[in-house]
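Asker: compute the structure for the input listed below.
(2 chains)
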Number of protein chains: 2
Amino acid sequence: MPLPSEFVEALGAITGADFVRTDTASLTAYGADALKRGAHPPDVVVLPDGADEISAIVRLCVSHRVPFVPRGGGTGYTGGSVPVRGGVVISLERMNRILEIDENNLVAVVEPNVVTGQLQEAVERVGLFYPPDPASLRTSVIGGNVAECAGGPRAFKYGTTKQYVLGLQAVLPNGDVIHTGGKGVKNVVGYDLTHLLVGSEGTLAIITRVILRLIPKPPVQATLRATFNTIEDAAQAVSRVIAHRVVPAALELIDGDSLEAVARYLNVRSLAPARTRALLLLEVDGLAEAVDEEAARCERACREAGATEILRARDEAERDELWRVRRELSFSLKTITPIKFNHDVVVPKGRIPELFGLIDRLKRDYRLRIPSFGHAGDGNIHVNIMVTPGDEDELRRAHEAEVVLFQGVVALEGSISGEHGIGFAKAKFLGIELSPETIALMKRVKAAFDPEGLLNPGKIFPE
Amino acid sequence: MPLPSEFVEALGAITGADFVRTDTASLTAYGADALKRGAHPPDVVVLPDGADEISAIVRLCVSHRVPFVPRGGGTGYTGGSVPVRGGVVISLERMNRILEIDENNLVAVVEPNVVTGQLQEAVERVGLFYPPDPASLRTSVIGGNVAECAGGPRAFKYGTTKQYVLGLQAVLPNGDVIHTGGKGVKNVVGYDLTHLLVGSEGTLAIITRVILRLIPKPPVQATLRATFNTIEDAAQAVSRVIAHRVVPAALELIDGDSLEAVARYLNVRSLAPARTRALLLLEVDGLAEAVDEEAARCERACREAGATEILRARDEAERDELWRVRRELSFSLKTITPIKFNHDVVVPKGRIPELFGLIDRLKRDYRLRIPSFGHAGDGNIHVNIMVTPGDEDELRRAHEAEVVLFQGVVALEGSISGEHGIGFAKAKFLGIELSPETIALMKRVKAAFDPEGLLNPGKIFPE
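Answerer: Numbering: from 1, shown residues only, chains lettered A, B, ... in the order given. Model (predicted):
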């Protein structure tokens, strides 16, 4: 049922008619995210500037009982910004200003659609650092990173987005504009709404401003690459690194199947030396003096675990070359087949070998290709179940395998999602990890924010 | 109205009669915390062991519509564990076991009443570190630290309790037992109930188990003391430290009035050299090589800001001596007068001079003694308004001054509480910081957890 023209005109009266879109091309473009699992075009797209305009849009939607969905960079993997029930997409793309970089208080204040990588560059120019580094950082935006609690390789040492959000301005589903937290690291006045909104996937409020904590930029990095004959050896190296009391800024694990894909894609055999079943990329950072010591400890840890080769970058060019394999992973996997179920499961890092044992069983039992890699420091592994387009039998086996994967991960004291969130893509799996009592409580929290259920409906909770 | 004897017997049937107390001495002891502002004895105290017993107690209370209040160490400063509406105190004192220290995964699993300092000692014995260090760490417990989101000197570098809580087991006000989060640093499955419970002051659920993140213990510390002629100079030194891109593990500021109290109490003039209006204690930690460099930068920063004297501890005994003034502060203030309104306000650290300007005006306008000190790195300053017992006029002036203090702090982009929480002592001030819309939302969140309002009533929200 199309929206009445008065509704669309009323949107235009709020933002100016130039910022309301109803053409088919726009509706299609705003109907999907990086998940690319079918299109769910909205009825209308509106591009407001500022919390007041958003508040007016929200009140208009509520009065007409029209669903509304906030959208940042549209780079999510689980459909968090996809308007599965139609209605209004509220795109925040015009709200992309860095409002303040406060060097003395180590704080940045930004609008939601500042691109994460651009914020990083801006703060690094003054010697500061915003650590969260999702792989999408060239295109994803801070508001979306906050809504999904984005992670990345540096999370093991520096934490995820959560650890850097000090305060928010947000528009509630009733149109109220609230401010949570503030510029201080310490604030215990009332409930921590800030961190309830972080990771709430745009289902509790629309984030319109973010106050972020910054830290001094580590002046020096050291990067190592170590190769192993087995996943167990690589996992042992990770344990040895911890035993030597080093917390690397990155501790990336890449399995043999993934390496093989990169080597084929780039046609560079040195990236996947023969018989390499696991590759670790380790990076330590800090003051030069400490970095040397920590890099030496990492090298020792890898040697103790039976590494077949250990390389240490001597300059920026070599560092770039070592990271190349990690950067090219996504593109390389596409040469296997264009469809992947890109899962971001987590296990306690001591259980990584058991996780890879499970993946091996899935490969065999369901005859699937499952190249896997990820952040070994925090046990967050990207498990990519590859599916050939049009192969319905493989698709069915892939769907069966993902359920077994999620059940196995929970049995290993892990979690079905460490970075991508639930959105609508994983909603049906929520009950594998959470108890009925916990889900019931989360629904009551949702209702406390959004009694009408008009903000971003059809997400997180199973139908 | 006393509770019916069947109710007390039913409690005994859950825990065993030995763990139910109704004698006057017990009721009095469990009727106050460190705030010591009047006694609010409960009707009965029960000492359960485990989430199942607590769940049964909660269901019993709900069926009889009796309020219930969880209690950890009883060391809070705002009455969070005080049963202001009577009913049942559920004391967690028997649940004081460290269940697991998982060195490989850098995780500890503990029951709520493990004393914070004892957990720290246990993890430090295996080379690990639990940074949060509230001043009460010899007597306060992890569950209470989580409920109040305890801070401490190290929060500037290491963050508060919030940054270390990975998961919880908790009993909801309807008796449901839930598990939130897990052993992983990354978890984005549903809403972040873990961090909603952190800092919720025992008003949303009863915490029965805590999964904590640990980090490697920094092997070396360097401690410096610098004295200044003005608060402005000391604040300038803090800014210079940041400008030199150092984040000290401690950055404590003590004002002249507080120093004078310590010097008199200990009768050691060297602790408060003549004309010292501000003293900074700086501590950096990490690998030895980095610590030397960072200590040198701190020294330079203090010199640039016009420090009158800079001392650096050469060994553990000297370090202990430098910290002595900080440790003796609380006792020393009691020699001024036994009653203090101990406020824990926060401002962005760049605004510390303005905060001390405000404190000076309060001293003058309201004729009060207000020795102040605190954590300069995160702008969290303990403002102690001293009141002579029996002096009703001074008491009235103190109450007037605290309102002006809170209003001024909020005007400085700060917060009325950084560590102690709201409890019932500060509930009437909540509206100074939070908007009516925000308070209304928090009340809806409370109702989502506790529709009957039986868990820890009378806290956080103004009547």
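
Asker: ok and the host helix or strand of A:E437 relative to helix B:436-449, angle-wise?
Answerer: A:E437 belongs to helix A:436-449 when elements are defined using DSSP states H and E. Using axes from the mean of the first three to the mean of the last three Cα atoms, to 10 degrees, the direction of helix A:436-449 lies 160 degrees away from that of helix B:436-449.

Asker: outside of stretch A:329-336 itself, list whatever touches it.
Answerer: A:135, A:254, A:258, A:261-262, A:264-266, A:340, A:369, A:371, A:373, A:384, A:386 (Cβ atoms under 8 Å, 6 or more residues apart in numbering or on different chains). For glycine as for every other residue, the C-beta is placed from the backbone atoms N, C-alpha and C.

Asker: next up, the contacts around A:R213.
Answerer: Contacts of A:R213 (Cβ under 8 Å, 6+ apart): A:106-107, A:163-166, A:185.

Asker: in CSV, list these along with secondary structure.
Answerer: Formatted as CSV, the contacts of A:R213 follow (DSSP: H, G, I helix; E, B strand; the rest coil):
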residue, secondary structure
A:L106, coil
A:V107, strand
A:Q163, helix
A:Y164, helix
A:V165, strand
A:L166, strand
A:V185, coil
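
Asker: could you pick out which of those residues are near chain B?
Answerer: A:106-107, A:163, A:185 (Cβ under 8 Å from any Cβ of the partner chain).

Asker: hmm, back to that, list the buried residues of the helix holding A:E437.
Answerer: Neighbour-count burial for helix A:436-449, counted by 16 or more other Cβ atoms under 10 Å in any protein chain shown, picks out A:438-439, A:441-443, A:445-446, A:448-449.

Asker: within reach of chain B, which of those are there?
Answerer: A:438-439, A:441-442, A:445-446, A:448-449.

Asker: just those now: which is nearest chain B?
Answerer: Closest approach to chain B among those (Cβ to the nearest Cβ): A:A448, at 3.9 Å.

Asker: for the stretch 201-350 of chain A, which segments count as strands?
Answerer: A:206-213, A:215-216, A:220-228, A:250-255, A:278-286, A:309-312, A:339-346 (DSSP state E, counting those that start in this stretch).

Asker: and A:V123, helix, strand or coil?
Answerer: helix.

Asker: so it touches A:I101, yeah?
Answerer: Yes - using Cβ atoms under 8 Å, A:V123 is in contact with A:I101, at 5.9 Å.

Asker: anything in contact with each of these two?
Answerer: Once Cβ under 8 Å, 6+ apart is applied, the residues that A:V123 and A:I101 both contact turn out to be A:108, A:214.

Asker: coming back round to it: which residues are in contact with the helix holding A:E437?
Answerer: With contacts defined as Cβ under 8 Å, 6+ apart, helix A:436-449 is touched by A:172-173, A:196, A:203-205, A:430-431, A:434, A:453, A:455, A:460-462, B:172, B:176-180, B:190-191, B:193, B:196, B:441, B:444-445, B:447-449.

Asker: top helix in chain A by residue count?
Answerer: helix A:392-411 (DSSP state H).

Asker: close to chain B, is the very next helix or strand once past it?
Answerer: With elements assigned by DSSP H and E, the helix or strand that comes after helix A:392-411 is helix A:430-433. Yes - applying Cβ under 8 Å from any Cβ, one finds that helix A:430-433 is in contact with chain B at A:430, A:433.

Asker: so for helix A:430-433, mean pLDDT?
Answerer: Mean per-residue pLDDT for helix A:430-433: 97.

Asker: check the offset of it from the chain's centre.
Answerer: How far helix A:430-433 lies from its chain's middle: 19 Å, per Cα atoms, centre = their mean, to the nearest Å.

Asker: where does A:G73 land on pLDDT?
Answerer: 96.

Asker: tell me the bridge partners for A:L212.
Answerer: A:A108, A:V165 (DSSP bridges).

Asker: then the one 10 residues further on?
Answerer: Beta-bridge partners recorded for A:A222 (DSSP bridges): A:V284.

Asker: please apply the same query to A:I101.
Answerer: Under the criterion used here (DSSP bridges), A:I101 is bridged to A:A108.

Asker: list the contacts for it?
Answerer: A:108, A:122-123, A:126, A:128, A:214.

Asker: then A:V20?
Answerer: A:8, A:11-12, A:44-47.

Asker: what parts of the stretch 51-200 of chain A come near chain B?
Answerer: Counting by Cβ under 8 Å from any Cβ, the stretch 51-200 of chain A sits next to chain B at A:102-107, A:127, A:148-149, A:151, A:155-156, A:159-160, A:162-163, A:172, A:176-180, A:182-193, A:195-196, A:198-200.

Asker: so which of the ones next to chain B among the contacts of A:R213 is the closest to chain B?
Answerer: For these, the nearest to chain B is A:V185 (4.5 Å; Cβ to the nearest Cβ).

Asker: where does the spatially closest residue to that closest one that is not a sequence neighbour land on pLDDT?
Answerer: Nearest non-adjacent residue to A:V185, counting by Cβ to Cβ, 6 or more residues apart in numbering or on different chains: B:D378, 4.5 Å away. pLDDT for B:D378: 91.

Asker: from B:I90, how far off is B:D378?
Answerer: Per Cβ to Cβ, to the nearest Å, B:D378 is found 33 Å from B:I90.

Asker: low-confidence regions, the stretch 1-150 of chain A specifically.
Answerer: A:1 (pLDDT under 70).

Asker: picking up where we left off before, how about the strands of the stretch 201-350 of chain A in TSV, adding mean pLDDT?
Answerer: Output for the strands of the stretch 201-350 of chain A, formatted as TSV (pLDDT from 0 to 100):
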stretch	mean pLDDT
strand A:206-213	98
strand A:215-216	94
strand A:220-228	96
strand A:250-255	96
strand A:278-286	97
strand A:309-312	96
strand A:339-346	94
